[in-house]
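**Student:** mind folding the following:
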Amino acid sequence: MSGVPEEDRLVESRDVELWSRGSGDPRHPTVLLIAGDCQSGLEWPDEFVALLASAGLRVLRYDHRDTGRSTTRDFADRPYGFDELAADAVAVLDGWGVEQAHVVGFGMGAVLGQFLALDHRERLTGLTLIGAVALGVDFFGNWERALTGEPTPDGLPTPRRWFVESVFAEQPAPTDRESELDGLVAYGKALAGDELPFDETAFRRAQARVLDHVGTTPPPESHPHGLIEQSLVERGAELSGITTPTLVIQGPLDPISPPPHGRHLADSIPGARLVEIPGMGHALPSAVHAPLASAVVTQTAARVGRSAAAAWAERAQTW
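**Tutor:** Below you'll find the predicted structure:
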């Protein structure tokens, strides 16, 4: 990213190595970005990271185990759960010598953010949860209910049926890099929804960077994160004990965690705020970068004093 200092680093987490990247001034408050399932750290767009760094934040992102340049291996030989994935996030902070950070999680990363707020709250200055369901929601069971039409136990909506059907539908294997990018762009466009502008050229360029980072080997048909058997339901009651200042971002067109999942999550955490970004789905196209970065910066600035908050708010108005 032009003008933003960056450093790549491998960090140890128990018996795996995690690739990570730091962007921005190390003297600034740290934001740790946690990507969704099956995603490497570079799924956080460089342009979004640059906005955060330009607002006076240091940004860390990393590849989950079994993604990108982090350690990959057969899940059957070494299974793990969400607890271990959350511990990986803590290991990234340790590897960069960061005592506390504002954690921003997307999708599965937002689930891990909830685990961090419960089990590692001393490492968090704040929490932003994007495209998430609350612990306590039978998320995995709701995938089957989306297909059968069975009502959910809590009355919250299932993922949209068209999305679940698309995930389970047999897809032709990409024959080359361009066909792989074609599929990624089509999938990202579907997740983003049809209300906001979708810059296919910019999204394709971003996905090309991800492929360059990961390598050209197609992803496995059954990704290890989809094999995790740990339930998310049992810990739902614990959300009322979270003390970390929390912001929940809801995309109105999110087909995986549609409204009112964001409201339910915010209501489950004491003092949590809910922000809805108009037209947002379950993706990070360029149209949502500025409003999303502004929401994160505002939430982070609230923890560092009025002068910083005023300066960051002024900077955000130029985006």
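**Student:** got the buried residues for the helix or strand where residue 212 lies?
**Tutor:** Using DSSP states H and E, residue 212 falls within helix 200-214. By 16 or more other Cβ atoms under 10 Å, the buried positions in helix 200-214 come out as 203, 206, 207, 210, 211, 213, 214. Glycine gets a C-beta too; all of them are placed from N, C-alpha and C.
**Student:** residues contacting stretch 224-237, please?
**Tutor:** Defining contact as Cβ atoms under 8 Å, 6 or more residues apart in numbering, one finds that stretch 224-237 is touched by 37-38, 64, 66, 75, 79-83, 85, 108, 111, 114-115, 118, 133-140, 268.
**Student:** ChimeraX command to pick out the buried ones of these?
**Tutor:** Selection of buried members from the contacts of stretch 224-237 for ChimeraX, criterion 16+ other Cβ under 10 Å:
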select :37,38,64,66,75,80,82,85,108,111,114,115,118,133,134,135,136,137,138,139,268
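**Student:** inside helices: which ones of the contacts of stretch 224-237?
**Tutor:** Members of the contacts of stretch 224-237 lying in helices (criterion: DSSP state H): 82, 83, 85, 108, 111, 114, 115, 118, 139, 140, 268.
**Student:** for the buried residues of helix 200-214, which one is nearest residue 281?
**Tutor:** residue 203 (12.5 Å; Cβ to Cβ).
**Student:** the closest one: what's it in contact with?
**Tutor:** Here residue 203 is in contact with 185, 188, 189, 285, 286 (criterion: Cβ under 8 Å, 6+ apart).
**Student:** what of residue 22?
**Tutor:** 6, 7, 8, 9, 58, 59, 60, 96.
**Student:** surely the fourth one is in contact with residue 96?
**Tutor:** In this case it means residue 9. Yes - with contact defined as Cβ atoms under 8 Å, residue 9 reaches residue 96; the gap is 6.9 Å.
**Student:** next, count neighbours for residue 9.
**Tutor:** 14 (other Cβ atoms under 10 Å).
**Student:** ok, now the one 5 residues further on?
**Tutor:** Burial of residue 14 is recorded as 10 neighbouring residues (other Cβ under 10 Å).
**Student:** need the phi and psi values for it.
**Tutor:** Dihedral angles of residue 14 (phi, psi; degrees, to the nearest 10) stand at phi 60, psi -110.
**Student:** what's near enough to touch it?
**Tutor:** Contacts of residue 14 by Cβ under 8 Å, 6+ apart are 84, 87, 91.
**Student:** put the buried members of those into a ChimeraX selection.
**Tutor:** Buried residues within those, by 16+ other Cβ under 10 Å, are selected in ChimeraX with:
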select :84,87,91
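**Student:** how much space separates residue 116 from residue 284?
**Tutor:** Distance from residue 116 to residue 284, counting by Cβ to Cβ, to the nearest Å: 21 Å.
**Student:** just give me the residue right at the centre of this structure.
**Tutor:** residue 106 (2.0 Å; Cα atoms, centre = their mean).
**Student:** quick one on the thing from earlier: possible to save the buried residues of helix 200-214 as TSV with distance to residue 243 and pLDDT?
**Tutor:** TSV is the format used below for the buried residues of helix 200-214 (distance: Cβ to Cβ, whole Å; pLDDT from 0 to 100):
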residue	distance to residue 243	pLDDT
203	37	94
206	36	93
207	38	93
210	35	91
211	40	91
213	36	91
214	37	82
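**Student:** list the buried ones in stretch 174-193?
**Tutor:** 180, 181, 183, 184, 185, 188, 189, 190, 191, 192, 193.
**Student:** residue 34 - nearest residue in space that isn't next to it in sequence?
**Tutor:** Distance criterion Cβ to Cβ, 6 or more residues apart in numbering; nearest residue to residue 34, sequence neighbours excluded, is residue 109 at 3.3 Å.
**Student:** the one you found and residue 147, how far apart?
**Tutor:** 26 Å.
**Student:** out of those two, which sits in the busier spot?
**Tutor:** residue 109 (27 against 13).
**Student:** in this protein, which spans are strands?
**Tutor:** Secondary structure of the chain (DSSP state E): strands located at 6-13, 16-23, 30-34, 58-62, 101-106, 124-130, 246-250, 273-276.
**Student:** could you dump these to JSON lines with mean pLDDT and distance to residue 237?
**Tutor:** What follows is the strands of the chain, written out as JSON lines (pLDDT from 0 to 100; distance: least, Cβ to Cβ, whole Å):
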{"stretch": "strand 6-13", "mean pLDDT": "96", "distance to residue 237": "28"}
{"stretch": "strand 16-23", "mean pLDDT": "97", "distance to residue 237": "31"}
{"stretch": "strand 30-34", "mean pLDDT": "98", "distance to residue 237": "23"}
{"stretch": "strand 58-62", "mean pLDDT": "98", "distance to residue 237": "30"}
{"stretch": "strand 101-106", "mean pLDDT": "98", "distance to residue 237": "20"}
{"stretch": "strand 124-130", "mean pLDDT": "98", "distance to residue 237": "18"}
{"stretch": "strand 246-250", "mean pLDDT": "98", "distance to residue 237": "17"}
{"stretch": "strand 273-276", "mean pLDDT": "98", "distance to residue 237": "20"}
